[in-house]
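Undergrad: Sharing a model prediction with you, sequence too.
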Amino acid sequence: MRVIQCGKSYCGKPFLQLVNRDEALDGCGCPTLAKAKDPEEHCPVDPAFQASHIIDGRCTCKWCRLTEAR
């Protein structure tokens with residue numbers, strides 16, 4: 001889902017190139033560098049590339065699952 005454009009890494013196509021999107025399929029369009037550094041950010045997909053959710057207070061996104069596996 002990562003797209004590199006003009007030397008920047010994005011979660012899918014940059015937002016203004018695809019405004020109407022399904023985040024689970026297309027990503028959110030934001031630059032990923034700041035998101036990767038912020039522990040409050042979450043990936044829009046889970047490890048199976050389905051939409052992530054909060055279940056029983058735990059996030060199912062692939063970033064959170066990778067953190068739990070360590």
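TA: Happy to help now that I have it.
Undergrad: Now do the helices for the protein: every range, in order, please.
TA: All helices of the chain, identified by DSSP state H, fall at 23-26, 32-37, 62-69.
Undergrad: I'd like those written out as TSV, with mean pLDDT added.
TA: Shown next, in TSV, are the helices of the chain (pLDDT from 0 to 100):
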stretch	mean pLDDT
helix 23-26	81
helix 32-37	77
helix 62-69	79
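Undergrad: quick one: buried residues of stretch 30-47?
TA: Under the neighbour-count criterion of 16 or more other CB atoms under 10 Å, stretch 30-47 has Thr32, Lys35, His42, Cys43, Pro44, Val45, Asp46 buried. C-beta here means a position set from N, CA and C on the backbone, and glycine is covered the same way.
Undergrad: Please name the residues that touch the residue most central in space within the chain.
TA: In the chain, the centroid-proximal residue (CA atoms, centre = their mean) is Cys43; its distance is 2.9 Å. Cys43 is in contact with Cys11, Ser52, Cys61, Lys62, Trp63, Cys64, counting by CB atoms under 8 Å, 6 or more residues apart in numbering.
Undergrad: Grab the nearest non-local neighbour of it.
TA: Cys61 (4.1 Å; CB to CB, 6 or more residues apart in numbering).
Undergrad: Surely the one you found touches Ala48?
TA: No. Taking CB atoms under 8 Å as the definition, Cys61 is not a contact partner of Ala48, at 11.2 Å.
Undergrad: ok, these two, which is more surrounded?
TA: Cys61 (19 against 9; other CB atoms under 10 Å).
Undergrad: Now, of the contacts of Cys43, which are buried?
TA: Buried residues within the contacts of Cys43, counting neighbours by 16+ other CB under 10 Å: Cys11, Ser52, Cys61, Lys62, Trp63, Cys64.
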